[in-house]
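Visitor: Okay, sequence plus prediction incoming.
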Amino acid sequence: MNVTIRSRNKKKYREWVLWLLLLPSLMGMLIFYLLPFFLSMYYAMIDNVVSRRFVGLQNFIDTFRNLSFQRALKNTAFFILVGVPLNLICSFIIASLLKKMTKLKGFFGLIFLIPMIIPAGAVVFVWKSIFDVNGILNWVLYSVGLPMKNWLESEWVLGIVIIIFLWKNIGIGMILFWTGLNRIPKTYYEVARVEGGSAMRQFFNITLVYIMPTGFVAALLSIINSFKIFKEVFLLFGNYPSEWVYLLQHYMNNQFLAANAQKLSASAGIISAFIVSVLFFFFRSQRKLSEHFS
Amino acid sequence: MIKRKNMIKRKNMIKRKTWQGGLLYISIMALALLTLLPIVLLVTNSLMSGREIVSRYSMDITVFNVLNTEYIKAGDAPFHFVEMTFLPDYITFYQYFKLFFKSPEYLRLFWNSVILCVPIVVGQCIISVPAAYAFERLQWKYKEHLFFIYIIVMLMPTQVLLVPHYLLAEMVTLPPYLAIILPGIFSPLGIFLLRQQLKGFPHECLEAAQVDGAAHGNILYHIVLPNMKPSVAVLVMITFADYWNIVDQAIVFIKNVFDEPMSIALSKVMQNDTGMFFAMACFYIVPIVVLFMACRDYISQELSFVGVKN
Amino acid sequence: MNKFLKFILVIIITMGSLTGCSFEAKNDELYNSKLEEITVHLNKYGESVDELIKSPQNGNNSTQKELATDSTDSGLIGTLRISVMWPDHETNLIAVAAKKFQALYPEVKIQIQFHDDVLKYQAQTSVELMSNTAADIIDFFYIPYERYAAAGLLADLYPLMNADDSFHKEDYFVNVFEAFEDSQNGLFAVPLSFIFNSVSMRQDFMKSFDAEFENRGGISYQQMLDLYVRAQAGMEDENLYMSEFASATSWFEFEWDNLVDTRNKKVYMNTPEFLSNLEKIKRIKLTENVTQTKDGPGVIGSGYFIRDEIFKRNPAVLFVLNSSIEENIQTLLPFHDMIYSKPIPILSDGMPTMYAPFVLGITNTCQNKELAWKFLSYCMAERALPVKEVDTNSFLFRLGFPINKQNFRKLVQAVANDTLSKGGVAGYSFSGNRTAVIEESMAQVEKWCGMKGKVMQMDLNLFLDLIYPDLYQFLIGKQTAEQTAARIQTKTEIYLNE
């Protein structure tokens, strides 16, 4: 009898300790992230900072109808839908290539990580020199005889931004996929080979399945970093770039400079709603897939 | 007969393998060079004199680059292409001299960057490691929902939270550095990364230790931490790179131009004095590369990591 | 290897910190030298500096929200916070006026925050306005006050003006106030000084091209452009120039009203007329002083009588902008044998255009708007200007005409005296009684400045930043006019729709 009570107390004590370890982070999150988020939602529901009249969802509707916002949404969606999968695929390919190498793996792996740590402001000049009107790309085209173009102001500018994004973020995806690939026990591959499966089937049935959790983490990190590409774009183009690279963050930044807290918070709210729904779908599908395959 | 066929097959396979292997090496090396290209250019350009930089990169035609202009079509303005090179015409350390000895205010900005980043990184580690462990071991109905909220907050862009942070800072009269450091310490990125690492951790080890009578703190320190080192290294790198680059919050919170971190000054100097910009950029990259080298061991541990250390 | 790297890191951080710490002293030095500049110039007025002027670093981290109680009969009580962009020159009208105001009303405390970085100023003003911690009076240099007014963050000044009995409107240029009204006739920003945009043309050209614009009340930029193209075609070697102001962006600066409709959020930049105008702009030749660079038109050197040099050196310069008050007054004085005409106002949609370099406003979060208005009207009021230096006077008003008529007369008199005495040196002569000439000129200038003018209702710098990259590509021939027009159209639409 005494033993059970003591062990139950010990269990409760253990739970307590765990909660205590979690507490600082929870408090910090609450004060510095959740509270400000709700405050900005409150800003989104009033009409004016001075005369705080409650208008409900009017700001959100106005933002949705806003032509500039729609344009920004289209551009950002295109960028994320093309850039993130491309990033994942490229880093996966490089990780699997690296796995096949026998020596100098670590060295090459680390080289790909270096672009991630270089500050944006430092490399923007180099990008400008390459893609500008009198830049290297145009010089190459001119030497070969092809027509030149102002790449930074043409409709290809999102492609340039995707190249910059890939350059910066292949490293971290590669590291994650590398660890993931190494975690798959070699025995599975042996079994598949013995059973006579082709390389394709091996890939689809084993690699893809077991890389899923790592892929999920890499995808999330990619999405976070795709929001951060705004810094490079801002340094390259300023507050009002050409209409093909006008992103959501440009819209929000300009509203910020125009001291319009309502539109800023309303657009932030809409973005959050989008992210929540996408993540929900992500989690659901991940759970379903892992149930299906295990 | 069959043995011979097998031997030929194996020989062919080995040949193909070596040929494939060579191709592999070449392609990887090409990619690596391409990745490093901007950085190498940065370093070599920092050794150029100001005049050379202007003559190489500007669209205007000066005395020094008039021989390299192209006349595209009759009637159009003559055009000067950017001449990027790996070897400057005249190698000079003048830009570094100018940076260190003639403009000491940039060194002050560098120090500002350091005292902004280091507390954030240290704080992140201190807070995230126990929290990730607690997340993993906790048995609570709504644990995953809480984690979901963490992920959503992590994906927020900075402008959203800027005004409320400012309000908070004003209400509590926080000094400007703390107003940037505190939200950075509690950022959910750390918990997310570390928890993913812990997910692959077999629970049996931990429970065995628990049955043996170890408290959570001991488990954390002796068993979990050594295995989490690679993840912590990655987290340190990512957080440091993020805040070494900070621009938005610094402009708004820091009132005095001399208290700003150096990342803001980089873009201003790029327009005013391009020569010193390269030297400043190289100088700015050095600490983070040094940190990277220091964490390299842990990260390459991760790269060759196969099993769990007991 | 690891230890070595850690050692390097430690060395770098130590070096950075040591040199950084020693910079603490240099920081103080810089701050003290700025303080010295203010002292030197305030001493001209017989003032001395005290705790009035706070620098951003040790100043207003603590927002003082002491409530102000004003009582109009026994003197004013309260606290004011003013946010000012540091001027290019040493004198600052706000600092001078604040000192005197506090001496007049001892119960009032004024704190001034100086900024010298435009980007920072914009970002911080935005954040402060959004979080209700803004200063009471803001200097709108480089700030889009039209957007703030539309968002309801600024206070309407007409009610305050009308409620104040000691403010007599007839002492001021009311036409300038009217130019700054918004679409609902509310005044959200009050200018402390103003300038009318005007050009001068060579007398012989005027006669040969039958361009007697002086008597027609003004010339629009479109007309200038057409005249230029016509003259260029008529001349044999096509070496006709426009002077420094006529870079391609001037078109947008003066004709924005026909191109952009801010109220209905429409942009009219894809019409055939606009395309033909773009082609005409491309044909403009600028004088040697100007280069068309990637970041905008750059002017090398400007000065008091450089326009004469421009007119004389390049034998065919069509228009020269009168950009300062000195130039405006100079061209209105009756010198003999002047080669250029009287100032011709640049019209937009039939009305003369003007701009104000020194605009202030009161935020809606101000607790004591009457006190703030009292201070603003004190800044505008008549004051003693130092008689010795003309330069100090004009920089006091940020190189514009003061809005108070008495200040205006004093300044014009000083400038006219100065010009007349220098005119002899530059080769111009005048005859007659100096005082009478000055009186007549002053009357003429005052009449001229009493025109009903028009102010650009959009942030000019922002607008030019928007269009200039594409415009530059067009000017150097890398883009066709259609492409440029389409791109500028889309960008402006995005800006308007935000």
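Guide: Perfect, thanks for sending it.

Visitor: for the chain, what helix or strand is lowest in average pLDDT?
Guide: No chain was given, so I picked chain A. helix A:199-202 (a mean of 67; mean pLDDT, DSSP states H and E).

Visitor: not what I meant, chain B
Guide: strand B:69-70 (a mean of 64).

Visitor: which residue is nearest the centroid of the chain?
Guide: Going with chain A. In chain A, the C-alpha nearest the mean C-alpha coordinate belongs to residue A:223, at 1.3 Å (C-alpha atoms, centre = their mean).

Visitor: let's do chain C instead
Guide: Note: chain C centre (C-alpha atoms, centre = their mean) maps to residue C:357, 2.4 Å.

Visitor: part of a strand, is that one?
Guide: Yes. According to DSSP: H, G, I helix; E, B strand; the rest coil, residue C:357 belongs to a strand.

Visitor: returning to that earlier point: what's downstream of the least confident helix or strand of chain B, the next helix or strand?
Guide: Of the helices and strands lying after strand B:69-70 in sequence (DSSP states H and E), the nearest is strand B:79-80.

Visitor: Show the contacting residues for the residue nearest to the centre of chain A.
Guide: Applying C-beta atoms under 8 Å, 6 or more residues apart in numbering or on different chains to residue A:223 gives the contacts A:80, A:84, B:155. C-betas here are computed from N, CA, C, even on glycine.

Visitor: and which of these is nearest to chain C?
Guide: Within the contacts of residue A:223, the smallest distance to chain C is 20.0 Å, found for residue A:80 (C-beta to the nearest C-beta).

Visitor: Count residues in the vicinity of the closest one, would you?
Guide: 18 (other C-beta atoms under 10 Å in any protein chain shown).

Visitor: Give me the pLDDT value at the residue nearest to the centre of chain A.
Guide: Looking at residue A:223, its pLDDT stands at 88.

Visitor: cool, residue C:138 as well?
Guide: Residue C:138 is given a pLDDT of 90.

Visitor: cool, residue A:205 as well?
Guide: 69.

Visitor: Residue 279: which element?
Guide: I went with chain A, as the question did not name one. helix A:261-293.

Visitor: that's the wrong chain, I meant chain C
Guide: Using DSSP H and E, residue C:279 falls in helix C:272-282.

Visitor: how far is that helix from where the chain is centred?
Guide: In terms of C-alpha atoms, centre = their mean, to the nearest Å, the centre of helix C:272-282 is set 28 Å apart from its chain centre.

Visitor: which residues are contacting it?
Guide: Contacts to helix C:272-282, defined as C-beta under 8 Å, 6+ apart, come from residues C:222, C:225-226, C:228-229, C:248, C:251, C:259, C:268, C:474-475, C:481-482, C:484-485.

Visitor: Enumerate the positions of that helix that are buried.
Guide: C:274, C:275, C:277, C:278, C:280, C:281 (16 or more other C-beta atoms under 10 Å in any protein chain shown).

Visitor: wait, what's in contact with residue C:347?
Guide: Contacts of residue C:347 (C-beta under 8 Å, 6+ apart): C:217, C:218, C:219, C:220, C:353.

Visitor: What residues of the helix or strand encompassing it count as buried?
Guide: Here residue C:347 sits within strand C:344-348, counting by DSSP H and E. Across strand C:344-348, burial judged by 16+ other C-beta under 10 Å covers C:344, C:345, C:346, C:347, C:348.

Visitor: Each with direction, which strands does that strand pair with?
Guide: Looking at strand C:344-348 with DSSP bridges, its partner strands are strand C:198-201 (antiparallel), strand C:219-220 (parallel), strand C:351-362 (antiparallel).

Visitor: Now do it: distance to the chain's middle.
Guide: Counting by C-alpha atoms, centre = their mean, strand C:344-348 comes out at 17 Å from the chain centroid.

Visitor: quick revisit: is any residue of the helix holding residue A:279 near chain C?
Guide: Yes. Interface with chain C: helix A:261-293 contributes A:261, A:263, A:264 (C-beta under 8 Å from any C-beta of the partner chain).

Visitor: give me the element residue A:97 is part of.
Guide: Residue A:97 belongs to helix A:67-100, assigned by DSSP H and E.

Visitor: Just the buried residues of that helix, please?
Guide: A:68-69, A:71-73, A:75-76, A:79-80, A:83-84, A:86-88, A:90-92, A:94-98.

Visitor: What of stretch C:396-416?
Guide: C:396-405, C:407-416.

Visitor: out of those, which are inside helices?
Guide: Members of these lying in helices (criterion: DSSP state H): C:396, C:405, C:407, C:408, C:409, C:410, C:411, C:412, C:413, C:414, C:415, C:416.

Visitor: Specify which member of the residues you listed is nearest to residue B:289.
Guide: The shortest gap between residue B:289 and any of these belongs to residue C:396, at 51.8 Å (C-beta to C-beta).

Visitor: In this structure the closest one contacts residue C:383, no?
Guide: No. Residue C:396 lies out of contact with residue C:383 (C-beta atoms under 8 Å); the separation is 9.0 Å.

Visitor: pLDDT weak spots in the stretch 151-300 of chain B?
Guide: B:200, B:209-220, B:299-300 (pLDDT under 70).

Visitor: how about the nearest residue to residue C:255, chain neighbours excluded?
Guide: Distances taken as C-beta to C-beta, 6 or more residues apart in numbering or on different chains put residue C:221 closest to residue C:255, at 5.4 Å, once the chain neighbours are dropped.

Visitor: name the element the residue of chain B found nearest chain C belongs to?
Guide: Residue nearest to chain C within chain B (C-beta to the nearest C-beta): residue B:111, separated by 3.5 Å. For residue B:111, the host element (DSSP H and E) is helix B:104-137.

Visitor: Which elements pack onto that helix?
Guide: Under the contact definition 3 or more C-beta pairs under 8 Å, 6 or more residues apart in numbering or on different chains; DSSP states H and E, helix B:104-137 sits against helix A:2-29, helix B:176-185, helix B:189-199, helix B:225-244, helix B:262-272, helix B:274-303, helix C:2-44.

Visitor: Let me know the angle separating that helix from helix B:176-185.
Guide: 30 degrees (axes from the mean of the first three to the mean of the last three C-alpha atoms, to 10 degrees).

Visitor: and helix B:104-137 with helix B:274-303, angle?
Guide: Relative orientation of helix B:104-137 versus helix B:274-303 (the same axes, to 10 degrees): 20 degrees.

Visitor: next one: the very next helix or strand once past helix B:104-137 to chain centre, how far?
Guide: With elements assigned by DSSP H and E, the helix or strand that comes after helix B:104-137 is helix B:143-154. For helix B:143-154, the separation from the chain centroid amounts to 24 Å (computed by C-alpha atoms, centre = their mean).

Visitor: Please see if the helix or strand following helix B:143-154 touches chain C.
Guide: Going down the chain from helix B:143-154, the next helix or strand is helix B:158-172, by DSSP H and E. Yes. Counting by C-beta under 8 Å from any C-beta, contacts between helix B:158-172 and chain C involve B:162, B:163, B:166, B:167, B:170.

Visitor: Got a PyMOL select line for the buried ones in those residues?
Guide: To isolate the buried members of the residues of helix B:158-172 next to chain C in PyMOL, using 16+ other C-beta under 10 Å:
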select buried, chain B and resi 162+163+166+167+170
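
Visitor: and the residues of helix B:158-172 next to chain C as CSV, adding distance to chain A?
Guide: Below are these laid out as CSV (distance: C-beta to the nearest C-beta, whole Å):
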residue, distance to chain A
B:162, 7
B:163, 6
B:166, 9
B:167, 7
B:170, 13
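
Visitor: Residue B:189: which of the residues of helix B:158-172 next to chain C is nearest?
Guide: residue B:162 (17.8 Å).

Visitor: For the closest one, which residues are in contact?
Guide: Applying C-beta under 8 Å, 6+ apart, the residues near residue B:162 are A:256, B:248, B:249, B:252, C:127.

Visitor: can you name the two of these that are farthest apart?
Guide: A:256 and B:249 (12.0 Å).

Visitor: If you tally nearby residues, what's the number for the residue nearest to residue C:269 when sequence neighbours are not counted?
Guide: Of all residues not flanking residue C:269 in the chain, residue C:489 sits nearest, at 4.3 Å (C-beta to C-beta, 6+ apart). Neighbourhood size, residue C:489 [other C-beta under 10 Å]: 19.
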